[in-house]
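[1] whatever this is, show me its structure:
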Amino acid sequence: MPTGTVALLFSDIEGSTRLVQRLGEDAYAAALAECRRLLRQAVTQHGGCEVDCRADELFAVFSGAGDGVAAAVGMQRAVAAASWPGGEVVRVRIGLNVGDPVVADDVYVGWQ
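    Numbers count the residues shown, from 1 in each chain. I've put the predicted structure just below:
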């Protein structure tokens, strides 16, 4: 887990509740698994570390802002290029914050 000045990336699927309703649970589960695979691939390709993943959210950390931005761009491109069930369009919202978070018990807990 990187410490010091890092880039924290947060993502989630836009409109995931409506997407579940349109696709149904099984197709949504498959779409979610594929989306997670694409996001994780971008994290790995750009030297990041996955911190947490719940529902349609992903939290990753990078040693620098450039790597975090490159991963975010890679994620957006991969998700846009993918084929989704039912011809749906899946969009991912991504936020990036750079700073010096406090780490306690291997968890980012705040900022210095």
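[2] quick one: the helices in the protein?
    16-23, 25-45, 65-81 (DSSP state H).
[3] could you dump these to a markdown table with distance to residue 5?
    For glycine as for every other residue, the C-beta is placed from the backbone atoms N, C-alpha and C. Formatted as a markdown table, the helices of the chain follow (distance: least, CB to CB, whole Å):
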| stretch | distance to residue 5 |
| --- | --- |
| helix 16-23 | 31 |
| helix 25-45 | 18 |
| helix 65-81 | 9 |
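[4] next, format those helices as CSV and append mean neighbour count, mean pLDDT and distance to residue 10.
    What follows is the helices of the chain, written out as CSV (neighbours: other CB atoms under 10 Å; pLDDT from 0 to 100; distance: least, CB to CB, whole Å):
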stretch, mean neighbour count, mean pLDDT, distance to residue 10
helix 16-23, 15, 96, 14
helix 25-45, 17, 98, 11
helix 65-81, 17, 98, 10
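[5] closest to residue 107 out of those helices?
    Closest of these to residue 107 is helix 25-45, at 17.8 Å (criterion: CB to CB).
[6] to residue 106, which of the helices of the chain lies closest?
    Smallest distance to residue 106 across those (CB to CB): 17.6 Å, for helix 25-45.
[7] the closest one - contacts with which helices or strands?
    strand 6-13, helix 16-23, strand 49-54, strand 57-62, helix 65-81 (3 or more CB pairs under 8 Å, 6 or more residues apart in numbering; DSSP states H and E).
[8] distance to residue 110 for these - can I get that in CSV?
    Listed next are those as CSV, based on distance: least, CB to CB, whole Å:
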stretch, distance to residue 110
strand 6-13, 12
helix 16-23, 27
strand 49-54, 14
strand 57-62, 14
helix 65-81, 19
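[9] what's the closest of the ones you listed to residue 30?
    helix 16-23 (8.6 Å).
[10] next, the angle strand 57-62 makes with that closest one.
    Orientation note: helix 16-23 sits at an angle of 130 degrees relative to strand 57-62 (axes from the mean of the first three to the mean of the last three CA atoms, to 10 degrees).
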